[in-house]
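Peer 1: Take a look and give me a structure for this.
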Amino acid sequence: MLEEIRIKVMRRIRQLREFCDTWITNISPMALKVLTENTTKSMKCNLEWNGEYCFEVKDSWDNTFVVNLGNQTCTCRSWMLRGIPCCLVIVAHHFRKLEPINYVAHWYNNETYLKVYSHYIQPVTNMKMWPQSANPSVIPPVIKTLPGRPRKCRRKEQNENKTGKKLSKRGVEMTCSLCHAKGHNKRGCHLNNQANAGRGRGMGRGCKPSSTRSSVGSSRAPTASQSSTKRGRGRPRGSTKQVMFIVIHLVVNLHLNQSNIFVDQLML
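Peer 2: Model (predicted):
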């Protein structure tokens, strides 16, 4: 990419320097076009000379301006701003038998134009032919994977419109489905609150019970004997070991009984 930019700039500087050779006059074509238009407009102007350097010029709209050739100023300020003589100044130049093109600002000359593009970009050989440097090469930084899911969409500006096809609910006023009023939904409606209060279902999961509920709950609290005899959920602790011990004991007794019967048969 940098090589393409370098070649493009080198070509552009060459083309602009060659463009200066096509100029007809000493000033640029755009400045010459403006000067020609002002010369055409100057044919409709009238002037009065004070005998020195100042002129009182009246344009085609009967507006009067003062031109001072000694200070190179005009009250219309077009000559000072653009650097090209206006139609009022051109009338004064023609009256004094002067060439208006000689009073164009110097930044429109071909010499100033060539100074701008006087710096050349030298050609460069291929990268394979460059001398090898002993300095360490530049290595790109290590890419660190950030936590979380990577973002696929770019961050939009503050005043940028969203490109989503789904309409936004922002700015839409809510309508209650119970009382059909604006500004709230049925969850915050007073009719829903009254119905829940009548049923005794007004509290959420995080709400604390009232004093009446706490008193009723305390009257129904279990006694110490009931709480001690209350069984928990699941298998009791140590039950597996007891069952295994009983099974082993039965198996051992069964083998002992069988061995005693066998001994009694041998004795007979």
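Peer 1: Spell out, range by range, the strands that occur in the stretch 1-150 of the chain.
Peer 2: With DSSP state E, counting those that start in this stretch as the definition, the stretch 1-150 of the chain shows strands at residue ranges 46-49, 54-58, 64-68, 73-74.
Peer 1: so which of those comes closest to N26?
Peer 2: Distances from N26 to each of these were compared using C-beta to C-beta; the shortest belongs to strand 73-74, at 22.4 Å. C-beta here means a position set from N, CA and C on the backbone, and glycine is covered the same way.
Peer 1: Can you tell me which helices and strands that closest one packs against?
Peer 2: Judged by 3 or more C-beta pairs under 8 Å, 6 or more residues apart in numbering; DSSP states H and E, the packing partners of strand 73-74 are strand 64-68, helix 78-82.
Peer 1: average pLDDT across the first one?
Peer 2: So the one you mean is strand 64-68. The pLDDT scores in strand 64-68 average 96.
Peer 1: Now do it and strand 54-58, the angle between them.
Peer 2: Counting by axes from the mean of the first three to the mean of the last three C-alpha atoms, to 10 degrees, strand 64-68 lies at 150 degrees to strand 54-58.
Peer 1: ok, back up a step: okay, the helices and strands packed on strand 73-74, which one's buried deepest?
Peer 2: Comparing these on average neighbours per residue, with mean count of other C-beta atoms under 10 Å, the densest one is strand 64-68 at a mean of 18.
Peer 1: how near is F55 to M80?
Peer 2: When C-beta to C-beta, to the nearest Å is applied, the distance between F55 and M80 equals 16 Å.
Peer 1: TSV please, covering the strands of the stretch 1-150 of the chain and showing distance to H255.
Peer 2: Formatted as TSV, those follow (distance: least, C-beta to C-beta, whole Å):
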stretch	distance to H255
strand 46-49	145
strand 54-58	141
strand 64-68	137
strand 73-74	134
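Peer 1: Tell me which of these sits nearest to R17.
Peer 2: Among those, strand 73-74 comes nearest to R17, with 34.2 Å by C-beta to C-beta.
Peer 1: need the helices and strands packed on strand 73-74 in TSV with distance to M174, can you?
Peer 2: Shown next, in TSV, are these (distance: least, C-beta to C-beta, whole Å):
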stretch	distance to M174
strand 64-68	68
helix 78-82	61
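Peer 1: Can you say which of those is nearest to M244?
Peer 2: Across these, M244 has its closest neighbour in helix 78-82 (109.3 Å, C-beta to C-beta).
Peer 1: That closest one - contacts with which helices or strands?
Peer 2: Packed against helix 78-82 by the contact rule (3+ C-beta pairs under 8 Å, 6+ apart) you find strand 73-74.
Peer 1: which residues are contacting stretch 171-179?
Peer 2: Defining contact as C-beta atoms under 8 Å, 6 or more residues apart in numbering, one finds that stretch 171-179 is touched by A181, K182, G183, H184, N185, K186, C189, H190, L191, N192.
Peer 1: Cool, thanks, signing off.
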